[in-house]
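Visitor: next one to model:
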Amino acid sequence: MANLNSTPGKARRAEVAGGGFAGLTAAIALRQNGWDVRLHERSAELRAFGAGIYLWHNGLRVLEGVGALEDVLQGSHTPPTYETWMQNKSVSKETFHGLPWRVMTRSHLHNALVRRAKAVGVEFRVNSEAVAADPEGRLTLQTGEVLEADLIVGADGVGSKVRDSIGFKQERWAATDGIIRLIVPRKKEELGEGEWDNTIDMWNFSPRVQRILYSPCNDQELYLGMMAPASDPRGSRVPIDLEVWVEMFPFLEPCLVEAAKLQSARYDKYETTKLDSWAKGKVALIGDAANAMCPALAQGAGCAMVNAFSLAQDMATASSVEDALPQWEKRIRPITDRCQAISADYAANRSLSNGNMFTPAALEAACYDPIRRVSSWPQ
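Guide: Here you go, the predicted structure:
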């Protein structure tokens, strides 16, 4: 294995911008490979934004690789099936041929990664926003401080200042629909009879287009992904318009009443970002900074974590950072690109409403094993 240290006995330094799933994964994996790692979070504390999240085999294997899997398994849930409804009638049930998957709150996953990062010795700076970087290995903070590093990781989200300061070429486009993501109490007893431990993808096209992705996270918490077109003022309203949602999904009224109480609700349009390159010089981009994708395949976090973990893998075997980054992108990017393309197509055409849409092609990213570097499609 090649030694990336420029000075014998001196660890390489990585500066990571962004304390989300991608940044934390990169920080942990690099630290486990002997790097000195400092992670910058622009907020006053390390915490997750958003509601619930899916992780599939690829993301779960990353958690295993960084030593956080057992922590995450406690307090998360694998539904018996992924069920699709159309106009409140079941049209399909998918079990993914035994492929592992898990549903959890974003805070649960984030907290586990923070604990692991602290355990391995990642240094944290909060109230520390990266505003610029250059390919020579300098990161500029909002305070004006300039930090030199052997590797800079831009994991600072869809509005990445690391990315934009360097001038990566990008394409960005938004879909017709958007989503309100909420965590509410399960209310399983109040829902009455039904298979309420399943994930249920509930689609209605009449009298209006509305969808609820019903996703139990554990015994107490339920993740609701509430989709409506951006052009629908009532469906996209936040806090939610209780009347219009109960009209379409009356059986979920106990949960929707709780959802209507949440003043912090946010409506987000589906967005896709595609760059000409993920790396330049000593700067690598991961997560939404590099490849924001529509959530149709629930792979935004999984791909981000795989790419972050794979970055650390390739850093450990290359002769230099500048050599490692193009090889990393060449190796791992095609899977993400294909996943991003299918996600965008599914979102644009509302394809998941048909049921049985998790084809082998749609599950390619989910089946990837980043530790063994092979696909693990169940036989």
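Visitor: for the rest of this, base every contact and every neighbour count on C-alpha atoms.
Guide: OK.
Visitor: endpoints of stretch 280-298, how far apart?
Guide: Length of stretch 280-298, first residue to last, CA to CA, to the nearest Å: 28 Å.
Visitor: likewise stretch 186-202?
Guide: First-to-last residue span, stretch 186-202, CA to CA: 17 Å.
Visitor: how about the strands in the stretch 101-250 of the chain?
Guide: 101-105, 123-126, 130-134, 138-141, 146-148, 151-154, 170-185, 199-204, 210-216, 221-229 (DSSP state E, counting those that start in this stretch).
Visitor: distance to residue 322, mean neighbour count and mean pLDDT added to those strands, as JSON lines?
Guide: Converted to JSON lines, those look like this (distance: least, CA to CA, whole Å; neighbours: other CA atoms under 10 Å; pLDDT from 0 to 100):
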{"stretch": "strand 101-105", "distance to residue 322": "35", "mean neighbour count": "22", "mean pLDDT": "98"}
{"stretch": "strand 123-126", "distance to residue 322": "24", "mean neighbour count": "16", "mean pLDDT": "97"}
{"stretch": "strand 130-134", "distance to residue 322": "13", "mean neighbour count": "22", "mean pLDDT": "98"}
{"stretch": "strand 138-141", "distance to residue 322": "14", "mean neighbour count": "20", "mean pLDDT": "98"}
{"stretch": "strand 146-148", "distance to residue 322": "15", "mean neighbour count": "14", "mean pLDDT": "98"}
{"stretch": "strand 151-154", "distance to residue 322": "9", "mean neighbour count": "28", "mean pLDDT": "98"}
{"stretch": "strand 170-185", "distance to residue 322": "21", "mean neighbour count": "18", "mean pLDDT": "95"}
{"stretch": "strand 199-204", "distance to residue 322": "43", "mean neighbour count": "22", "mean pLDDT": "98"}
{"stretch": "strand 210-216", "distance to residue 322": "42", "mean neighbour count": "25", "mean pLDDT": "98"}
{"stretch": "strand 221-229", "distance to residue 322": "40", "mean neighbour count": "23", "mean pLDDT": "98"}
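Visitor: just send those back as JSON lines, with distance to residue 40 too.
Guide: Listed next are these as JSON lines, based on distance: least, CA to CA, whole Å:
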{"stretch": "strand 101-105", "distance to residue 40": "23"}
{"stretch": "strand 123-126", "distance to residue 40": "5"}
{"stretch": "strand 130-134", "distance to residue 40": "7"}
{"stretch": "strand 138-141", "distance to residue 40": "9"}
{"stretch": "strand 146-148", "distance to residue 40": "11"}
{"stretch": "strand 151-154", "distance to residue 40": "10"}
{"stretch": "strand 170-185", "distance to residue 40": "24"}
{"stretch": "strand 199-204", "distance to residue 40": "35"}
{"stretch": "strand 210-216", "distance to residue 40": "32"}
{"stretch": "strand 221-229", "distance to residue 40": "29"}
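Visitor: how about the ones you listed, which one is nearest residue 308?
Guide: strand 151-154 (9.0 Å; CA to CA).
Visitor: may I have the closest one exported as CSV, CA atoms only?
Guide: This file holds the C-alpha atoms of strand 151-154, laid out as CSV (Å, rounded to 0.1, in the frame of the first residue of the first chain):
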residue,chain,number,x,y,z
LEU,A,151,-7.2,17.1,0.9
ILE,A,152,-10.3,19.3,0.9
VAL,A,153,-13.6,17.6,0.9
GLY,A,154,-16.6,19.7,-0.1
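Visitor: of all the strands of the stretch 101-250 of the chain, which lies closest to residue 95?
Guide: strand 101-105 (9.7 Å).
Visitor: tell me what the closest one is packed against?
Guide: Judged by 3 or more CA pairs under 8 Å, 6 or more residues apart in numbering; DSSP states H and E, the packing partners of strand 101-105 are strand 52-56, strand 210-216.
Visitor: rewinding a little: among the strands of the stretch 101-250 of the chain, which comes closest to residue 82?
Guide: Of the strands of the stretch 101-250 of the chain, nearest to residue 82 by CA to CA is strand 199-204, at 4.9 Å.
Visitor: hmm, back to that, figure out which of the strands of the stretch 101-250 of the chain is closest to residue 265.
Guide: The nearest among the strands of the stretch 101-250 of the chain, by CA to CA, is strand 170-185 at 6.7 Å.
Visitor: can you list contacts of that closest one?
Guide: 50-52, 105, 220-231, 236, 238, 255, 258-259, 265-276, 344, 347-348 (CA atoms under 8 Å, 6 or more residues apart in numbering).
Visitor: stretch 263-276 - what's its average pLDDT?
Guide: Average pLDDT, stretch 263-276: 93.
Visitor: buried members of the contacts of strand 170-185 into PyMOL, please.
Guide: In PyMOL, a selection of the buried entries from the contacts of strand 170-185 looks like this (16 or more other CA atoms under 10 Å):
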select buried, resi 50+51+52+105+221+222+223+224+225+226+227+228+229+230+236+238+255+258+259+265+266+267+269+270+271+272+273+274+275+344+347+348
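Visitor: hmm, back to that, any chance of the helices and strands packed on strand 101-105 in TSV with distance to residue 32 as columns?
Guide: Listed next are the helices and strands packed on strand 101-105 as TSV, based on distance: least, CA to CA, whole Å:
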stretch	distance to residue 32
strand 52-56	22
strand 210-216	33
